[in-house]
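Asks: my questions concern the predicted model and sequence given below.
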Amino acid sequence: MPRKLAAGNWKMNGLRANLTEIHTLAERHAEASVDILICPPTTLIHACNGVLFDIGGQDCHTETGGAHTGDISAQMLADAGANYVITGHSERRADHGETDVIVAAKSTAAHEAGLTAVICIGETLDERESGATLEVIDTQLAGSIPDQTTAQNTVIAYEPVWAIGTGKVPTLDQIGEVHSHIRARLSERFADSADIRLLYGGSVKGSNAADIFAVANVDGALVGGASLKADDFSPIITALENS
Ligand code: 13P
């Protein structure tokens, strides 16, 4: 069984004043039996040095450096103190036109910089309603997950786009179906597929976390809104520890 992971994605939220939430979490969960990861905005990564859990970026460029105004390389994230980076989040795919090819290249850049990539995949509502979910997942897995993937350098987050920030959550059967499908597909490509952590993301809260964590092949969560406050994220971490 892979070690479980509770990951928070702060998205474009968080000023220095909000670092108290991270310090509170670190104090409360100093003895956690699961891994904890916070991905704050890039501006706060360096200020998180010394925090006793993992810190990640939310995106990186495909290259290590060069004329790319405003972009951040994986190497820069590592230099700032990160050890993870999210790649292929649906908000990046939608807002910045990131294709599977770009996501795979960013994930490779993350690996080369020594970061663990949290590669996100998931269907839109239209795709779900037209019965194309598993086909979409297959295409994204084939295109976004690089060949050098291992259980050490990669985490996969299944985030149905329609569940993100909406309060709508798939049924437990739907989550289980997609997660077991992902596990089966990974086993066709990677020798250590059983140890690759599969996170569910999309409207995870303290009130639904325990049920979601009881689903087979769910090794943790990637949490947006409910990761911003220690009081909201703590019960999710506790539910994962108890799962
Ligand atoms: P919410 O938890 O706010 O739905 O966001 C999920 C997400 O996008 C995490 O990456």
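Replies: Cool, got the structure. From a predicted model like this one, the values you see are computed outputs, not experimental measurements.
Asks: need the residues of the protein near the ligand, please.
Replies: Taking CB under 6 Å from any ligand atom as the criterion, the neighbours of the ligand within the chain are 9, 89, 159, 164-165, 201-204, 222-226. The way it works is simple: take the backbone N, C-alpha and C, and place the C-beta from them, glycine included.
Asks: pick out the lowest-pLDDT one from those.
Replies: Looking at the residues of the chain next to the ligand, model confidence by pLDDT dips furthest at Gly165: 94.
Asks: Three-state assignment for that one, please.
Replies: Each residue gets one of three states, and Gly165 gets coil by DSSP: H, G, I helix; E, B strand; the rest coil.
Asks: which residues sit in contact with it?
Replies: Residues counted as contacts of Gly165 (CB atoms under 8 Å, 6 or more residues apart in numbering) are 203, 224-225.
Asks: and Gln58, by the same measure?
Replies: Taking CB under 8 Å, 6+ apart, we find Gln58 in contact with 9-11, 39, 41-42, 85-86, 89.
Asks: most distant residue from the middle of the chain?
Replies: Residue farthest from the centre of the chain, counting by CA atoms, centre = their mean, is Ala67 at 27.8 Å.
Asks: that one is in what secondary structure piece?
Replies: With secondary structure defined by DSSP states H and E, Ala67 is part of neither a helix nor a strand.
Asks: still on that earlier bit, can you list the residues of the chain next to the ligand in a markdown table and add secondary structure and distance to Gly57?
Replies: Shown next, in a markdown table, are the residues of the chain next to the ligand (DSSP: H, G, I helix; E, B strand; the rest coil; distance: CB to CB, whole Å):
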| residue | secondary structure | distance to Gly57 |
| --- | --- | --- |
| Asn9 | strand | 10 |
| His89 | coil | 11 |
| Glu159 | coil | 17 |
| Ile164 | coil | 19 |
| Gly165 | coil | 20 |
| Gly201 | strand | 16 |
| Gly202 | coil | 21 |
| Ser203 | coil | 23 |
| Val204 | coil | 21 |
| Leu222 | strand | 14 |
| Val223 | strand | 16 |
| Gly224 | coil | 15 |
| Gly225 | helix | 19 |
| Ala226 | helix | 20 |
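Asks: circling back: out of the contacts of Gly165, flag the one nearest to the ligand.
Replies: Gly224 (2.3 Å; CB to the nearest ligand atom).
Asks: Produce a ChimeraX select command limited to the buried residues of the residues of the chain next to the ligand.
Replies: Only the buried members of those enter the following ChimeraX selection, criterion being 16 or more other CB atoms under 10 Å:
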select :9,89,159,164,201,202,203,204,222,223,224,225,226
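Asks: restricting to C-alpha, output stretch 42-61 in PDB.
Replies: What follows is the C-alpha trace of stretch 42-61 in PDB, where atoms were taken according to Å, rounded to 0.1, in the frame of the first residue of the first chain:
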ATOM      1  CA  THR A  42       4.900  30.500  -5.900                       C
ATOM      2  CA  THR A  43       5.400  33.700  -3.900                       C
ATOM      3  CA  LEU A  44       5.000  31.800  -0.600                       C
ATOM      4  CA  ILE A  45       7.200  28.800  -1.300                       C
ATOM      5  CA  HIS A  46      10.400  30.100   0.000                       C
ATOM      6  CA  ALA A  47       8.700  31.400   3.100                       C
ATOM      7  CA  CYS A  48       7.600  27.800   3.800                       C
ATOM      8  CA  ASN A  49      11.100  26.600   4.200                       C
ATOM      9  CA  GLY A  50      11.500  24.700   7.500                       C
ATOM     10  CA  VAL A  51       7.800  23.700   7.600                       C
ATOM     11  CA  LEU A  52       7.700  20.000   8.500                       C
ATOM     12  CA  PHE A  53       5.700  18.800   5.500                       C
ATOM     13  CA  ASP A  54       6.000  18.900   1.800                       C
ATOM     14  CA  ILE A  55       5.600  22.000  -0.300                       C
ATOM     15  CA  GLY A  56       4.900  22.200  -4.000                       C
ATOM     16  CA  GLY A  57       4.400  24.500  -6.900                       C
ATOM     17  CA  GLN A  58       1.200  24.600  -8.900                       C
ATOM     18  CA  ASP A  59       2.800  24.700 -12.400                       C
ATOM     19  CA  CYS A  60       6.200  24.800 -14.000                       C
ATOM     20  CA  HIS A  61       7.600  25.500 -17.500                       C
END
